[in-house]
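Asks: okay, structure incoming, though there's no sequence with it:
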């Protein structure tokens, strides 16, 4: 890829829509484009506008500013060679130029939710609690600004598609794009046979549009090549814009899902700035940045991240970290990208990761403390917990919400237990005992189902009170990779972190029954008191049985007690998870020894390995096609979200010792590697621990938020 900078940027809109690309402006993935619209929020993500291919006509020649990979290996044009500057302090901004001219481009994706009421006082915290589905908007604005000695003509060729975001578009004679040209706007819609595509439109503040329909075949997508997936794409161009620019002129372009609305405000150079400021105001209101807003100019000029180095492989530690307060604000900004609205449940949910993940129960519940509770977005946390609770079925919390007319997915044993753990963290933070009274029947439902048995043969073993499951062909814990119908890490039986969660759940339930009884928030105080005693007794029995997981030879916890009572002695981070919960059933000595082993064999600068390197099944590189990657997913790959449980466990069992973890590499990654301003899903187990997987992962960001500030 020569000296191309393929680090990535990401913009989102609170509905599942996104825009994404690279620093050098070349598209390397099927997920790169300027308008992926979530037509059924947050699902139905459809590529509508790929990009605008720009060229600048000057008196001494035409400057092609775009950069494309082609399937034959060519890079043409090579506009990246004219790229002089990139930064992402507020929105992505590129500057191309030579001695006598300069052209900048910025992109913003406005927040897509409106309130049901114009009165902002009706909103306690977030628009997600009072969203008006009739006023959703999925749009992106692009602004160009020209400086130079002479006038110039900017030509913007529109490249479009109409495809699911997971796949590539291919030329087909039946695929047509209708276009209706009106004054400074163009309505577009795909049509294939008798099937109509997604309607959308593009409008501009100045310029002349020329219809010139043509297909561009065989764009290359090298990241998809690396992942063993489809790596070629064809894009359609309905035409191009020509804009005469005098020095100092700007032009603004907007692409929007749907059909034009007569109420649309006039598009001009101020429109873009208003949208940027509106987003800053929204975030300021949510996170309490009003004091910082008063000093915004000073902060941006002196403490924001510096312009991104345009060297091909910039060293991760190439610049000192900005002040901690600036990083904290950027972490909160990153966390907001995952909180989205789901139309099918008319409430908040959380995208597990970008670009390709949807909202998953386990991921959401693990991430919720960092995404919503620590930042005090309590209404978001409450809404999510309430929604999950309402979908409880046979004692299980769904691992995936349904789209419209769909059914929830319950393929998880731990989503239920994480719901209880996260409910406990929320209640500790808020003392919201009325909400506890509302949700306590769900807790009872879960308890009864586990005691009596649920799907996947999930049940409490009457001989030791440990929680067990046994079903072929599925993987119900967070280590859930399945290849050709066979789980890579089956973990059937009694996984260690599942039973640690079960113990913590019983402790929570006992305390909650006591609180409800003491505060008279339920009708039958005596019955609640009896339930509290029963939970306490059972928790004590489970705590005793947890000693079955102790492996004195390794000074570690067995990972799983299998259905035939065999012990799996692999060194995995699940033991650390077991030590990190609010209620821990293991002794101080055991915790100390486990963490010593985890520190020496699992800890990396970016998180914990999923398997220690000395294990024969260890795979140090996450690479290859989907089968190869799935086999490596939990066999040594580093998961950055696990740094949170590691820190919590260390604080419990190594109270007087310094944390053996340096934040700088992970924060340098957050600021200047992979996806700028977010944290990757995973990293290679082997050095140099290259980032892999999703470029922005909810629980990776959330777990850092739980601990970085302190």
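Replies: Here it is on my side, so go on. Only a predicted model underlies this, so the values are computations on that prediction, with no experimental measurement involved.
Asks: in the stretch 51-200 of the chain, which ranges drop under the pLDDT threshold?
Replies: By pLDDT under 70, the weakly predicted segments of the stretch 51-200 of the chain are 115-134.
Asks: for this structure, which helix is longest?
Replies: Looking across the chain with DSSP state H, the single longest helix is helix 496-518.
Asks: report the next helix or strand after that helix in sequence order.
Replies: Under the assignment DSSP states H and E, the closest C-terminal helix or strand after helix 496-518 is helix 525-545.
Asks: residues of that next one that come out buried?
Replies: 528, 531-532, 535-536, 538-539, 542-543, 545 (16 or more other C-beta atoms under 10 Å). Placement of C-beta: from N, CA and C, glycine included.
Asks: next structured bit after that helix?
Replies: Helix 525-545 is succeeded, C-terminally, by strand 550-551 (DSSP H and E).
Asks: following element in sequence after that following strand, please.
Replies: Using DSSP H and E, the first helix or strand after strand 550-551 is strand 556-557.
Asks: neighbouring strands of that next one in the sheet, and parallel or not?
Replies: strand 550-551 (antiparallel) (DSSP bridges).
Asks: can you list contacts of the strand it pairs with?
Replies: Contact partners of strand 550-551, identified using C-beta atoms under 8 Å, 6 or more residues apart in numbering, comprise 557-558, 567, 569, 586, 590.
Asks: show me which of these are buried.
Replies: Buried residues within those, defined by neighbour count using 16+ other C-beta under 10 Å: 557-558, 567, 586, 590.
Asks: out of those, which is nearest to residue 108?
Replies: Taking C-beta to C-beta as the measure, residue 108 lies nearest residue 557 of the buried ones among the contacts of strand 550-551, at 48.4 Å.
Asks: wait, that closest one sits on residue 597?
Replies: No. The criterion here is C-beta atoms under 8 Å, and residue 557 misses it with residue 597 at 9.6 Å.
Asks: mean confidence for stretch 663-674?
Replies: Averaging pLDDT along stretch 663-674 yields 97.
Asks: give the buried residues for that stretch.
Replies: So for stretch 663-674, counting by 16+ other C-beta under 10 Å, buried means 663, 665-674.
Asks: any idea how far that stretch is from the chain center?
Replies: Put simply, stretch 663-674 sits 16 Å off its chain's centre (C-alpha atoms, centre = their mean, to the nearest Å).
Asks: export the buried residues of stretch 663-674 to a markdown table and tack on secondary structure?
Replies: Formatted as a markdown table, those follow (DSSP: H, G, I helix; E, B strand; the rest coil):
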| residue | secondary structure |
| --- | --- |
| 663 | helix |
| 665 | helix |
| 666 | helix |
| 667 | helix |
| 668 | helix |
| 669 | helix |
| 670 | helix |
| 671 | helix |
| 672 | helix |
| 673 | coil |
| 674 | coil |
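Asks: which strands border the longest strand anywhere in the chain, and is each parallel or antiparallel?
Replies: When the chain is parsed with DSSP state E, its longest strand is strand 43-58. Its sheet considered, strand 43-58 pairs with strand 33-40 (antiparallel), strand 61-64 (antiparallel), strand 152-164 (antiparallel) by DSSP bridges.
Asks: show me which of the buried residues of stretch 663-674 is closest to residue 58.
Replies: The nearest member of the buried residues of stretch 663-674 to residue 58, counting by C-beta to C-beta, is residue 672 at 32.9 Å.
Asks: next one: the closest one from residue 250, what distance?
Replies: 29 Å (C-beta to C-beta, to the nearest Å).
Asks: for the closest residue to residue 675 other than its chain neighbours, what are its contacts?
Replies: Of all residues not flanking residue 675 in the chain, residue 695 sits nearest, at 3.7 Å (C-beta to C-beta, 6 or more residues apart in numbering). Residue 695 makes contact with 8, 10, 353-355, 674-675, 678, 680-681, according to C-beta under 8 Å, 6+ apart.
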